[in-house]
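Novice: Fold the following and give me the result.
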Amino acid sequence: MIIEEIEKQVINLLPTSNILLDEVDYSIIEERKNDWIKLSEVTHSVVLVFDCYTNKFVFVSNNI
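Specialist: Numbers count the residues shown, from 1 in each chain. As a prediction, this is how the structure comes out:
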């Protein structure tokens, strides 16, 4: 399954949200990327981080 298909499946599973853009802090994503990379390496797992506001993956480990 390619990443676009996974995104569509996740979108279908999630309820819609009324969050305001001003409330979203994307700086945490940059701060955590190294942690997610390390997690994928240590656990030999794929790590996917999905942004429910934009309905897109904001991080996909390179071992997918």
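Novice: residue boundaries of the strands in this structure?
Specialist: 48-51, 56-60 (DSSP state E).
Novice: Can you add mean pLDDT and give the ones you listed back as a markdown table?
Specialist: Output for the strands of the chain, formatted as a markdown table (pLDDT from 0 to 100):
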| stretch | mean pLDDT |
| --- | --- |
| strand 48-51 | 90 |
| strand 56-60 | 92 |
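Novice: mind checking how far the worst-scoring helix or strand of the chain on mean pLDDT is from the chain centre?
Specialist: Every helix and strand in the chain was compared by mean pLDDT, DSSP states H and E; the lowest is helix 3-13, with a mean of 77. Centre-to-centre, helix 3-13 and its host chain are 11 Å apart (C-alpha atoms, centre = their mean, to the nearest Å).
Novice: got the buried residues for that helix?
Specialist: By 16 or more other C-beta atoms under 10 Å, the buried positions in helix 3-13 come out as residue 6. All C-beta spots, glycine's among them, are computed from the backbone N, C-alpha and C.
Novice: what residues does that helix touch?
Specialist: Helix 3-13 has contacts (C-beta atoms under 8 Å, 6 or more residues apart in numbering) with 1, 48, 50, 55-57, 60, 64.
Novice: Stretch 32-52 too?
Specialist: The set of residues external to stretch 32-52 that reach it, using C-beta under 8 Å, 6+ apart, is 6-7, 10, 14, 17, 29, 56-64.
Novice: Of those, grab the buried ones for PyMOL.
Specialist: In PyMOL, this line selects whichever of the contacts of stretch 32-52 come out buried by 16+ other C-beta under 10 Å:
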select buried, resi 6+59+60+61
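Novice: Give me the most central residue, this structure.
Specialist: When the chain is reduced to its mean C-alpha position, the nearest residue by C-alpha atoms, centre = their mean turns out to be residue 49, at 1.7 Å.
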